[in-house]
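Chemist: Here is my input, please return the structure:
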Amino acid sequence: MFRKILVAYDGSEGAKAALRIGIGLAKSLGTELRSISVEEHLPHYAATIGEVQDAKERVDEYFRVLTKDARDQAALAGVELQTAIRQGHEVEIIVNYAKEGGFDLLLAGYHGHSRIFERVMGSTAQSIIRLSPCSVLLAK
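Modeler: Next up, the predicted model:
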C-alpha cells in the first residue's frame, strides 16, 4: 500500500500525533519512514549580528533536540526514522521534499490558531493538501 511515508514534524501536538501514526504505519507495513522539519526564518529586524546568531543557535538547538526525540521515539517502536531539517517556507519545503523523495503518504498535524478558529483547518495544512504530490493524512 505505502512504500515511503513522510511526516512533516514541527513538534506541535498535531505533528506529534502524525509522528505516532507514521511510526505505527511504518512498523505494521514495514515501510520506510522519514520526517522533515522546517526552520522558520530568522528575525527580520535585529539590533546586532549577535542577536541574529543567538536566534539561529536557539532554532538549531530546538530542531536538533526535536529530531533526536523523534528518532528515539521511533527506535523504541523498532522503526528507523531518518530525519531532515531544512530552512525556508514550510509548505514549499515539505511539498518539494515529498516530490523529490517519491513519497506515497504525507502525514502532517492539524491545528487551529485560536479558539475561534480551532475548528478551522490551518492555512499550512490546506496548502499541503492542495499541493502535495501524494496522499495526505492530517492528525489531531
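
Chemist: Okay, now the unreliable bits of the chain?
Modeler: Along the chain, segments meeting pLDDT under 70 span 41-46, 112-122.

Chemist: Longest helix in it, please.
Modeler: helix 49-76 (DSSP state H).

Chemist: That one packs against which elements?
Modeler: helix 13-29, strand 32-39, strand 81-87 (3 or more Cβ pairs under 8 Å, 6 or more residues apart in numbering; DSSP states H and E). Yep, even glycine has a C-beta here, placed from its N, CA and C like the rest.

Chemist: one more time with 6 Å
Modeler: strand 32-39, strand 81-87 (3 or more Cβ pairs under 6 Å, 6 or more residues apart in numbering; DSSP states H and E).

Chemist: right, so of these, which gets closest to residue 109?
Modeler: Smallest distance to residue 109 across the helices and strands packed on helix 49-76 (Cβ to Cβ): 11.7 Å, for strand 32-39.

Chemist: So in that sheet, which strands flank that closest one, and in what orientation?
Modeler: Strand 32-39 pairs in its sheet with strand 4-8 (parallel), strand 81-87 (parallel), by DSSP bridges.

Chemist: Okay, angle between that strand and helix 13-29 too, please.
Modeler: Angle of strand 32-39 versus helix 13-29, following axes from the mean of the first three to the mean of the last three Cα atoms, to 10 degrees, is 160 degrees.

Chemist: now the angle from strand 32-39 to helix 49-76?
Modeler: Going by the same axes, to 10 degrees, strand 32-39 makes 160 degrees with helix 49-76.

Chemist: what's in contact with strand 32-39?
Modeler: 4-9, 22, 26, 59, 63, 67, 70, 79, 81-87, 90, 93-94, 97 (Cβ atoms under 6 Å, 6 or more residues apart in numbering).
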